[in-house]
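Novice: predicted model, plus sequence, below.
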Amino acid sequence: MSSIIDHVTLGVSDLETALHFYDRVMPALGFQRLYHKPPFIGYGREGADDFGLQSDIDCSSRRGTHVAFRAPDRASVNRFHSEALAAGARDDGAPGLRPEYHGSYYAAFVIDPDGNRIEAVCHKPAGP
């Protein structure tokens, strides 16, 4: 089964309260906590942190909802960013490699007209 969503992160007002809640409910769906590095917590299966939490209090640069869409290639990430800006989004990170996530993490970030943080990401290495 394929999904257009790569990962989702929710902003929370109290990270410890959210930790206790999600540590209890996520195992019911087969997910486990993969990391807790304040101000972030990640959940998923088999090392894929598909769902995360972030403290809106302790993380001033990132607030609210974040959705990352899977892009089939780097050119699509570039087009996403360009089209989003032309449609009225604010730039939140130009297309490029984000090696802090992994060596071939190529992404672009925008803020949509309602303030949601939207990302397009391609995990594939650069093509020939």
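Specialist: Yep, that arrived.

Novice: for the worst-scoring helix or strand of the chain on mean pLDDT, which positions count as buried?
Specialist: Using mean pLDDT, DSSP states H and E, strand 48-55 stands out as the lowest-scoring helix or strand of the chain, at a mean of 83. Neighbour counts over strand 48-55 (16 or more other C-beta atoms under 10 Å) mark 49, 50, 51, 52, 53, 54, 55 as buried. Glycine gets a C-beta too; all of them are placed from N, C-alpha and C.

Novice: distance to residue 37 for those residues - can I get that in CSV?
Specialist: Putting the buried residues of strand 48-55 into CSV (distance: C-beta to C-beta, whole Å) gives the following:
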residue, distance to residue 37
49, 11
50, 17
51, 15
52, 11
53, 11
54, 10
55, 11
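
Novice: how about these, which pair is most distant?
Specialist: Pairwise distances across the buried residues of strand 48-55 (C-beta to C-beta) peak at 19.2 Å, for the pair 50 and 55.

Novice: got a list of what residue 7 touches?
Specialist: 49, 50, 51, 52, 68 (C-beta atoms under 8 Å, 6 or more residues apart in numbering).

Novice: next one: residue 36
Specialist: Here residue 36 is in contact with residue 19 (criterion: C-beta under 8 Å, 6+ apart).

Novice: with respect to residue 77, which of the buried residues of strand 48-55 is nearest?
Specialist: residue 50 (18.8 Å).

Novice: isn't the closest one right next to residue 8, touching?
Specialist: Yes. The pair residue 50 / residue 8 is scored as a contact, 7.3 Å apart, by C-beta atoms under 8 Å.

Novice: please state the offset of whichever helix in the chain runs longest from the chain centre?
Specialist: As assigned by DSSP state H, the longest helix anywhere in the chain is helix 74-86. Averaging C-alpha coordinates over helix 74-86 and over its chain gives two centres that are 17 Å apart (C-alpha atoms, centre = their mean, to the nearest Å).
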